[in-house]
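In: requesting a structural model of the entry that follows:
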Amino acid sequence: MTNTPKSSTPPGNSRLPVLPAVPAQASPPSGPAPTPSPSPRTPQPPRRTAFAEGFDRLRAAATTEPGRLRVIGALLAALVLAFGAVAAWQMTDRAAAADDVLTSSQPLSSDAADIYRSLADANTAASSGFLAGGQEPAATRDRYEKDIRTAAEKLVNAAANADPDSPSTATIAELNRLLPEYKGLIERARTYNRQGFPVGGAYLRYANEKMQTRMLPAAEDLYKKENQRLRADYADARPYPWAAIALGVAALAALAWAQHRTYQRTNRVLNQGLVTATATATVVLLWLVIGHSVARAGLDDSYDHGVRSLNVLHDARIASLKARGNENLTLVARGAETKKVGGTTYDAYDYDFGTDIRALGRYLAAAGELADDAAGEKPVTTAVGNMKEWQKRHTAARGQDENGDYQRALDMVIGTGNATGECFDSVDANLRTALAHEESEFQRAAGDGRDALTGLPAGAAALAVLGAAGALLGIGRRLSEYR
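Out: Model (predicted):
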């Protein structure tokens, strides 16, 4: 019996293929698994800013006629508004400076001059009363008291109007401190003089020294500082508003170009909105130039024929007061005070009198040159004649004093007939008349300059808004043709 070998194919699966054996995989190596390398990414473009996107949209819109019209309208309105805003800003500053010239800085400058004059005149009145002896004339005493009150009131006014941190504040405080000290010295001099004690003259000279070396220099410093403030206000009010003028010219040029462009594309001569914008910009520009030119002319006139004349007249009045005070102190000191000049010894007060009277002559000559009408020239000319007569009488009185006739010299200085005091009073009265005239001239010219700017800032702003609206409406009418 033959044995047949058995097939390895399982029954029922005779048609299934025989799969090859799968080799065994090697075991994974020990240690950490390697990190897979990152796959490369495509670089992203930088994110665009809102400004760049807006610019692109604007550029795309400008490729069409409606888009170009919108850009032109916006630029015209912005230019007209900028013109009005700058014009209003610059003219507001200039109008405020012009008002300060008229109502603040010049009055304070005059107050500072009055402080100096009042102090110098009080010192002169005190020496005149001392020379009269124990029975001081009531008029001289009243004059002294009035001068002291005036100085005190002007100092209060100056302190109220000065900035807390300004240099003038410290000067005003110093004068307020020194004024009572000076009054106390004068009262002691009067008391001892009434009793016939020679020490009264020493107190008077000490009071005069305090006045001449501390109070009057401080008052002069205050006067100079207030004049600097006045000049600064003039400097702020006078310059032309070149920025506003340049913007106005640019606005008119842009409006003219826009209307020419409209005419070329539509053959229409006028666009009501653009014409309105052009008219308002022209009005503002003409108002700006003409108004400021008139204001500048008024301010220049107020300075040349007002402030300059007032300064010279104030200086002349101060020089006359100092001369009178030194003339009186020459008799009070009776040779006790001397000074050497070029090897020659002089009476100190008489030498200073000569210096002051020469300064008075120079100031009067300058005031005569600055006077621009008969009303201003006449009192100055009269004061010159009074000064010359004063010099003659003073020389005669000094001759009597040097010859030993003190009483005769005293009568020729403070007496009631043909005395030097009459000449001094005439000089002072004529200078006061000239000051009043020049003050009125200043008020008129400075007032005209300030009034020329009235309403200009507000008017420029309002007309600029109207012009911008006109430009937008004119361009809007063109845009409506594309709808």
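In: so where does the most centrally placed residue in the chain fall, helix or strand?
Out: For the chain, Asp233 is the residue whose C-alpha lies nearest the centre (Cα atoms, centre = their mean; 2.9 Å). Using DSSP states H and E, the element containing Asp233 is helix 216-237.
In: same question, Tyr346
Out: Using DSSP H and E, Tyr346 maps to strand 344-347.
In: with just CA atoms, put that strand into CSV.
Out: The C-alpha trace of strand 344-347 is given here as CSV (Å, rounded to 0.1, in the frame of the first residue of the first chain):
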residue,chain,number,x,y,z
THR,A,344,40.6,171.3,41.5
THR,A,345,38.4,171.4,44.6
TYR,A,346,34.8,172.2,44.1
ASP,A,347,31.7,172.6,46.3
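In: mind checking how far Arg238 is from Phe442?
Out: Per Cβ to Cβ, to the nearest Å, Arg238 is found 15 Å from Phe442. Bear in mind the C-beta positions are built from the backbone N, C-alpha and C, glycine included.
In: pick out whichever of those two has more residues nearby.
Out: Phe442 (23 against 18; other Cβ atoms under 10 Å).
In: not counting residues beside it along the chain, what's closest to that one?
Out: Gly306 (2.8 Å; Cβ to Cβ, 6 or more residues apart in numbering).
In: what residues does the one you found make contact with?
Out: 438-439, 441-443, 445-446 (Cβ atoms under 8 Å, 6 or more residues apart in numbering).
In: just confirm it is within a helix.
Out: Yes - under DSSP: H, G, I helix; E, B strand; the rest coil, Gly306 falls within a helix.
In: continuing past the helix-or-strand element of the chain with minimal mean pLDDT, what's the next helix or strand?
Out: Within the chain, confidence by mean pLDDT, DSSP states H and E is lowest for helix 50-61 among all helices and strands, at a mean of 69. Scanning forward in sequence from helix 50-61 by DSSP H and E, the next helix or strand is helix 65-100.
In: got the angle between that next one and helix 216-237?
Out: Put simply, helix 65-100 runs at 160 degrees to helix 216-237, going by axes from the mean of the first three to the mean of the last three Cα atoms, to 10 degrees.
In: chain center to helix 65-100, what's the gap?
Out: Mean C-alpha position of helix 65-100 versus that of the full chain (Cα atoms, centre = their mean, to the nearest Å) differs by 26 Å.
In: on the pLDDT front, check the residue nearest to Phe442 for me.
Out: Looking at Gly306, its pLDDT reads 88.
In: and if you look at Ala458?
Out: So, for Ala458, pLDDT stands at 93.
In: same question for Asn13.
Out: 42.
In: which residues does Asn326 contact?
Out: So Asn326 contacts 349-350, 352-353, 356 (Cβ under 8 Å, 6+ apart).
In: mind showing which ranges of the stretch 1-150 of the chain have poor pLDDT?
Out: The stretch 1-150 of the chain contains residues with pLDDT under 70 at 1-48, 51, 54-55, 58, 60-63, 133-134.
In: so where do the strands sit in the protein?
Out: Secondary structure of the chain (DSSP state E): strands at 338-341, 344-347.
In: pick the most buried one from the ones you listed.
Out: Stretch with highest mean neighbour count among the strands of the chain: strand 344-347 (a mean of 14; mean count of other Cβ atoms under 10 Å).
In: that one packs against which elements?
Out: In terms of contacts (3 or more Cβ pairs under 8 Å, 6 or more residues apart in numbering; DSSP states H and E), strand 344-347 is packed against strand 338-341.
In: where's the residue nearest to Gly376 when sequence neighbours are not counted relative to Gly415, distance?
Out: Spatial nearest neighbour of Gly376, chain neighbours left out: His437 (5.0 Å); criterion: Cβ to Cβ, 6+ apart. Computed as Cβ to Cβ, the His437 to Gly415 distance reads 32 Å.
In: compare the two (neighbour count), which wins?
Out: Comparing His437 with Gly415 by other Cβ under 10 Å, the one with more neighbours is His437, at 20 against 15.
In: wait, Ser309 touches Ala367, no?
Out: Yes - with contact defined as Cβ atoms under 8 Å, Ser309 counts as touching Ala367 (6.4 Å).
In: any common contacting residues for these two?
Out: With Cβ under 8 Å, 6+ apart, Ser309 and Ala367 have common neighbours Ala434.
In: these two: which is more packed in?
Out: Ala367 (29 against 26).
In: tell me the contacts of the more buried one?
Out: So Ala367 contacts 309, 312-313, 316, 380, 434 (Cβ under 8 Å, 6+ apart).
In: try 6 Å
Out: 312-313, 380 (Cβ atoms under 6 Å, 6 or more residues apart in numbering).
In: so which of those are in helices?
Out: Among the contacts of Ala367, the ones falling in helices (DSSP state H) are 312-313, 380.
In: among those, which one has the most neighbours?
Out: Ranked by neighbour count (other Cβ under 10 Å), the ones in helices among the contacts of Ala367 have Leu313 at the top, with 31 neighbours.
In: quick one on the thing from earlier: closest to Asn123 among the contacts of Ala367?
Out: Using Cβ to Cβ, Leu313 is the member of the contacts of Ala367 that lies nearest Asn123, at 20.1 Å.
In: run a quick neighbour tally on the nearest residue to the closest one once chain neighbours are set aside.
Out: Residue nearest to Leu313 in three dimensions, not counting chain neighbours: Leu435, with 5.0 Å by Cβ to Cβ, 6+ apart. Residues lying near Leu435 (other Cβ under 10 Å) number 23.
In: tell me the pLDDT of Leu435.
Out: pLDDT, read off for Leu435, is 93.
In: run the chain-centre distance for stretch 150-168.
Out: The chain centre lies 17 Å from the centre of stretch 150-168; the measure is Cα atoms, centre = their mean.
In: what of stretch 173-189?
Out: Worked out by Cα atoms, centre = their mean, stretch 173-189 lies 33 Å from the chain centre.
In: pull the residues that contact it.
Out: By Cβ under 6 Å, 6+ apart, stretch 173-189 touches 126, 155, 200, 203-204, 206-207, 210, 214-215, 218.
In: now that stretch: average pLDDT?
Out: The model assigns stretch 173-189 a mean pLDDT of 92.
In: what about Lys183, distance to Ala189?
Out: 11 Å.
In: more neighbours, those two?
Out: For Lys183 versus Ala189, the count of surrounding residues by other Cβ under 10 Å is larger for Ala189: 26 against 17.
In: now do the contacts for Tyr206.
Out: Neighbour list for Tyr206: Leu185 [criterion: Cβ under 6 Å, 6+ apart].
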